[in-house]
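J.: Structure of the sequence below:
(one chain, ligands or ions: 2)
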Amino acid sequence: MTLAAALPVAISCGEPAGIGPEIAAKAWAALRGDVPLFWIGDPTHLPADVPVVTIEDPAQAAAAMPRGLPVLPHRFSAPNTAGIANPANAQGVIDVIARGVDLVRSGQASALCTAPIHKKALKDGAGFAYPGHTEYLQALAGAGRAVMMLASEQLRVVPTTIHIALKDVPQTLTPALLSETIRITAEGLRAQFGIARPRIAVAGLNPHAGEGGAMGHEETDWIAQLVDDMTTEGFDLRGPLPADTMFHATARAGYDVAICMYHDQALIPIKTLDFDRGVNVTLGLPFIRTSPDHGTAFDIAGTGVANPSSMIEALRMAHRMAQGTYRT
Ligand SMILES: NC(=O)C1=CN([C@@H]2O[C@H](COP(=O)(O)OP(=O)(O)OC[C@H]3O[C@@H](n4cnc5c(N)ncnc54)[C@H](O)[C@@H]3O)[C@@H](O)[C@H]2O)C=CC1
Ligand SMILES: NCC(=O)COP(=O)(O)O
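T.: Ligands and ions are numbered 1, 2, ... in the order given. Now for the predicted structure:
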């Protein structure tokens with residue numbers, strides 16, 4: 001399909017005080033011949049030297065791409081300062097995400113690629129009830145559970161529990177939650193990544209995967225049994241594996257995705273291996289959503305040094321998934 005004929009990917013602006021506007025503009029410059037896209041946000045938040053083409057309709061995005069970053073304007077009411085979130089802009093950030101979802105679900109955009117939000121700024125500024133995009137998109141979709149996966153060339157990881165305090169992980173982690181996470185992940189890898197029978201590694205919760213009950217009991221109580229039961233059902237599973245030894249190169253070659261028990265168990269290995277090229281993709285939604293793996297980077301916002309590579313990978317992945325051509 002030609003660039004002009006393909007539906008564009010919608011980019012939500014994310015936190016305007018962060019690096020989101022800068023990496024979106026840099027991604028446009030890198031992808032203008034490859035990926036039709038448009039940015040939803042306030043054009044005054046973009047770096048001053050970015051050529052902007054204001055559009056009224058996503059259908060105008062592809063034709064605008066050679067001339068500048070296509071922008072579907074969404075005006076914010078309060079001033080924006082790089083590196084300092086303005087609470088008065090929090091609701092605008094949330095509204096732009098919802099607008100992007102509407103455009104994808106109404107068939108005007110092919111996928112949503114979200115620039116990073118500052119979770120605390122949204123909570124403090126607008127009482128945002130969700131700890132992240134994943135949970136918000138799940139609520140907007142109203143179609144069951146959404147699962148976070150981070151993917152790069154070297155590794156894919158899924159945190160079973162996501163944005164919760166470490167002390168709450170053991171109670172939140174249940175057989176039903178883990179089983180559902182494995183099912184959604186397997187289906188997502190089949191449908192969106194072209195892996196017919198994904199090889200799935202399941203991490204333990206405790207050091208050394210509990211070492212037979214010597215260092216924790218969740219593995220012997222139920223995780224090992226769940227892995228056995230789902231293997232009998234036909235899933236290609238291994239585990240529970242000690243998390244400290246399942247991410248080295250030889251171990252990684254043995255599976256397509258690692259199901260982890262909590263946020264940092266999953267995200268530390270992938271961000272250490274591939275911070276610049278990791279992509280956050282939400283599985284289980286009735287539409288495509290990707291995002292860079294990093295956050296708002298307030299410490300470098302406005303300085304022009306932000307690396308757009310992860311954003312570029314996220315946009316490429318979204319576009320190829322929408323075209324049905326994304327294969328690992
Ligand atoms: N998808 C999303 O909306 C995400 C949002 N966040 C949010 O971002 C905020 C800040 O989180 P942090 O933990 O500080 O992580 P961060 O990723 O924003 O920054 C961590 C470090 O990496 C650097 N960095 C990040 N992205 C970079 C890029 N593209 N180019 C060059 N350097 C880069 C930063 O300058 C900083 O030194 C938090 O509110 C967090 O919740 C974090 C991850 C994803
Ligand atoms: N650490 C990953 C992260 O916070 C991204 O979460 P989400 O906003 O994509 O749900």
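
J.: tell me the domain boundaries of the protein?
T.: Following automatic domain parsing, one finds the domains of the chain at 1-145+285-328, 147-284.

J.: which one of those lies closest to ligand 2?
T.: When the domains of the chain are ranked by proximity to ligand 2, the top entry is domain 1-145+285-328, at 2.7 Å, counting by CB to the nearest ligand atom. Just so you know, the C-beta spots here come from the backbone N, C-alpha and C atoms, and that holds for glycine as well.

J.: Which residues of the chain lie near ligand 1?
T.: 19, 23, 116-120, 133, 280, 291, 294-297, 299-300, 306-307 (CB under 6 Å from any ligand atom).

J.: which ones among these are found in helices?
T.: If you go by DSSP state H, the residues of the chain next to ligand 1 have 23, 119-120, 133 in helices.

J.: ok, now which ones touch the residue of the chain positioned farthest from its centre?
T.: Distance to the chain centre peaks in the chain at Ala214, reaching 35.8 Å (criterion: CA atoms, centre = their mean). When contacts are counted by CB atoms under 8 Å, 6 or more residues apart in numbering, Ala214 is found next to His208.

J.: Low-confidence stretches in the chain?
T.: Across the chain, the stretches falling below the confidence threshold (pLDDT under 70) are 327-328.

J.: So which residue is smack in the middle of it?
T.: Going by CA atoms, centre = their mean for the chain, the residue that ends up nearest the centre is Asn280, at 2.7 Å.

J.: Wait, that one touches Val147, no?
T.: No: here Asn280 lies out of contact with Val147, judged by CB atoms under 8 Å, at a distance of 11.3 Å.

J.: And the strands in the stretch 201-328 of the chain, which stretches?
T.: Taking DSSP state E, counting those that start in this stretch as the criterion, the stretch 201-328 of the chain carries its strands at 236-241, 257-260, 279-283, 289-292.

J.: any chance of those strands in JSON lines, plus distance to Arg156?
T.: Supplementary listing: those in JSON lines, determined by distance: least, CB to CB, whole Å:
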{"stretch": "strand 236-241", "distance to Arg156": "14"}
{"stretch": "strand 257-260", "distance to Arg156": "4"}
{"stretch": "strand 279-283", "distance to Arg156": "9"}
{"stretch": "strand 289-292", "distance to Arg156": "13"}
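
J.: Just the C-alphas of the helix or strand harbouring Leu150, formatted as CSV.
T.: Mapping Leu150 onto the secondary structure by DSSP states H and E places it in strand 147-151. Extracted as CSV, the C-alpha positions of strand 147-151 are listed here (Å, rounded to 0.1, in the frame of the first residue of the first chain):
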residue,chain,number,x,y,z
VAL,A,147,-1.6,-6.4,29.2
MET,A,148,1.7,-4.4,29.1
MET,A,149,4.5,-5.8,27.0
LEU,A,150,7.8,-4.2,26.3
ALA,A,151,9.5,-5.5,23.2
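
J.: before we move on, the earlier item: list buried members of the residues of the chain next to ligand 1 by neighbour count.
T.: The neighbour-count test (16 or more other CB atoms under 10 Å) applied to the residues of the chain next to ligand 1 identifies 19, 23, 116-119, 133, 280, 291, 294, 296-297, 300, 306-307 as buried.

J.: what subset of the residues you listed is also close to ligand 2?
T.: If you filter those for contact with ligand 2, counting by CB under 6 Å from any ligand atom, you are left with 133, 280, 291.

J.: Hmm, Arg145 is touching Glu135, no?
T.: No: proximity of Arg145 to Glu135 does not meet the contact threshold set by CB under 8 Å, at 10.1 Å.

J.: Where does the stretch 151-300 of the chain get nearest to ligand 1, residue-wise?
T.: Gly295 (2.2 Å).

J.: That residue is in contact with Pro116, isn't it?
T.: Yes: between Gly295 and Pro116 a contact is recorded at 4.8 Å, counting by CB under 8 Å.

J.: in the sheet, who's paired with Ala201?
T.: Arg238, Ala258 (DSSP bridges).

J.: just checking, it touches Phe247?
T.: No: with contact defined as CB under 8 Å, Ala201 does not reach Phe247; the gap is 9.5 Å.
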